[in-house]
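Undergrad: sequence and predicted model, in that order:
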Amino acid sequence: MKRILTGIQSSGIPHLGNILGAIQPSIKLSNITESESFLFIADLHSFTQIKNADALKQNTFETASAWLACGVDTEKTVFYKQSDIPEVTELSWYLSCFFPYNRLKLAHAFKDKSSNFENVNCGLFTYPMLMAADILLYDADVVPVGKDQLQHIEFTRDIGIKFNNHYGEIFKIPDSMTTKDADYIPGIDNQKMSKSKNNVINIFDNDSNLRKQIMRIQTDSKNINEPKDYSSCTIFKIFSLIASESEIFEMKKNYVEGSIGYGDAKKLLFEKIKSNFKNEREKFNEFKLNPEEVESKLKIGSEKAKSAAKKTLKRVRSKLGY
Ligand code: ADP
Ligand code: TRP
């Protein structure tokens, strides 16, 4: 049985772009019956940026709640917090001592981040070593990631192969799988929706705030009776990702014929988001009132992950001479 493993950055409440672009496709993949799935919140990686204990905790909780609310099946998926299995940091050290500094210097993601952040710490630099440990510790076969993370999977494969050549078979060598071929979901300013751009639609917010976010979507200034270009309109783009074929057809027709104004299109989008994500929103609010439930789900996952991690580490230590 193939083991699929992926890590989730914990950086606050996931927005509609994260949900449609990452959460839903990952959950779909983890529900494939012929494979088993490991899904974890990468809260040790978050420490490269977040140095406030309450914020770190809150982010992890909100991220986990959102994934659970969107349908992670904890019976089928080993869903856990990275920091609950400190074995990963030990493995990360062994891997770091095997990977050439000159190669790590070439990491695109580090170059990107270090030119944008003020706080460029060593953890940010060795981030790919912890990521490699996340993967090799659990004998993953397939790692679904966005294109920006492909180089990190290449590093992981290289270290695994080098170790195996030097010490004999220790690690399973994983394959990557690119998940994001689809276009980015635009935010309310028509740019890529992103937490850092303050342009998100947060489906987990209350009705009044959700409505305000949608009403702020930027459009051109065509009035109600003018024909409109649906293909360049953010309201239509988002609507078409969550509505049925007949609803999309109707909306398109109204745009082309000039029989709908942007205000009414936004109202339809608001209603669609509410009805489409009714369950997810309810569950998220339940978790907010009952954080122990989220903790206990993560704990069950951590126990399963821990037992897999211990086995690998025992194997590694004995090969290395410890
Ligand atoms: P953000 O830009 O909001 O900080 P992240 O970089 O944390 O989002 O991305 C988390 C996941 O969500 C990644 O897999 C990323 O590809 C996906 N994602 C983020 N923004 C979008 C978007 N606007 N459309 C589609 N997928 C997105
Ligand atoms: N670095 C990944 C990202 O930014 C998150 C991550 C951490 C990850 N560890 C991983 C993804 C292991 C896949 C496998 O999205």
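TA: Structure received. Ligands and ions are numbered 1, 2, ... in the order given.
Undergrad: what pLDDT does the model give the residue of the stretch 201-322 of the chain found nearest ligand 2?
TA: Per Cβ to the nearest ligand atom, the residue of the stretch 201-322 of the chain with the smallest distance to ligand 2 is residue 305, at 12.5 Å. Any C-beta I mention is one placed from the backbone N, CA and C, and that applies to glycine too. As predicted, residue 305 sits at a pLDDT of 98.
Undergrad: which residues of the protein lie near ligand 1?
TA: Contacts of the chain with ligand 1, taken as Cβ under 6 Å from any ligand atom, map to 9, 11, 17-18, 21-22, 146, 180, 184-185, 192-196.
Undergrad: please pick the buried ones from the residues you listed.
TA: 9, 11, 17-18, 21-22, 185, 193, 195 (16 or more other Cβ atoms under 10 Å).
Undergrad: export the residues you listed to TSV and tack on distance to ligand 2?
TA: Listed next are these as TSV, based on distance: Cβ to the nearest ligand atom, whole Å:
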residue	distance to ligand 2
9	5
11	9
17	14
18	11
21	12
22	8
185	17
193	16
195	13
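Undergrad: can I get those residues in TSV with pLDDT and secondary structure?
TA: Shown next, in TSV, are those (pLDDT from 0 to 100; DSSP: H, G, I helix; E, B strand; the rest coil):
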residue	pLDDT	secondary structure
9	86	coil
11	79	coil
17	93	helix
18	91	helix
21	87	helix
22	86	helix
185	92	coil
193	94	coil
195	87	helix
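Undergrad: quick check: which ranges of the chain have low pLDDT?
TA: Residues of the chain meeting the criterion pLDDT under 70: 179-182.
Undergrad: in it, what residue is nearest ligand 2?
TA: Counting by Cβ to the nearest ligand atom, the chain gets nearest ligand 2 through residue 7, at 2.7 Å.
Undergrad: can you tell me the SS state at that residue?
TA: Residue 7 falls in the strand class when you classify it by DSSP: H, G, I helix; E, B strand; the rest coil.
Undergrad: from residue 288, how far off is it?
TA: 24 Å (Cβ to Cβ, to the nearest Å).
Undergrad: more neighbours: which of those two?
TA: Higher neighbour count among residue 7 and residue 288: residue 7, with 21 against 14, using other Cβ atoms under 10 Å.
Undergrad: tally of neighbours for residue 142?
TA: 16.
Undergrad: contacts only, for it.
TA: Residues in contact with residue 142 (Cβ atoms under 8 Å, 6 or more residues apart in numbering) are 2-5, 35, 174-177.
Undergrad: setting aside sequence neighbours, what's the nearest residue to it?
TA: residue 4 (4.9 Å; Cβ to Cβ, 6 or more residues apart in numbering).
Undergrad: how about the backbone phi and psi for that neighbour?
TA: phi -100, psi 130 (degrees, to the nearest 10).
Undergrad: show me where this structure has its strands.
TA: 2-8, 35-41, 77-81, 142-145, 175-178 (DSSP state E).
Undergrad: out of those, which gets nearest to residue 66?
TA: Nearest of the strands of the chain to residue 66, taken as Cβ to Cβ: strand 2-8 at 9.5 Å.
Undergrad: can you list contacts of the closest one?
TA: Counting contacts by Cβ under 8 Å, 6+ apart, the residues touching strand 2-8 from outside are 22, 26, 29-30, 34-42, 45, 63, 67, 82, 131, 134-135, 138-145, 174, 177.
Undergrad: quick check: buried residues in that strand?
TA: So for strand 2-8, counting by 16+ other Cβ under 10 Å, buried means 3-8.
Undergrad: next, format the contacts of residue 142 as JSON lines and append distance to residue 220.
TA: Output for the contacts of residue 142, formatted as JSON lines (distance: Cβ to Cβ, whole Å):
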{"residue": "2", "distance to residue 220": "48"}
{"residue": "3", "distance to residue 220": "49"}
{"residue": "4", "distance to residue 220": "43"}
{"residue": "5", "distance to residue 220": "44"}
{"residue": "35", "distance to residue 220": "46"}
{"residue": "174", "distance to residue 220": "46"}
{"residue": "175", "distance to residue 220": "45"}
{"residue": "176", "distance to residue 220": "40"}
{"residue": "177", "distance to residue 220": "39"}
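Undergrad: farthest-separated two in the residues you listed?
TA: 35 and 176 (15.2 Å).
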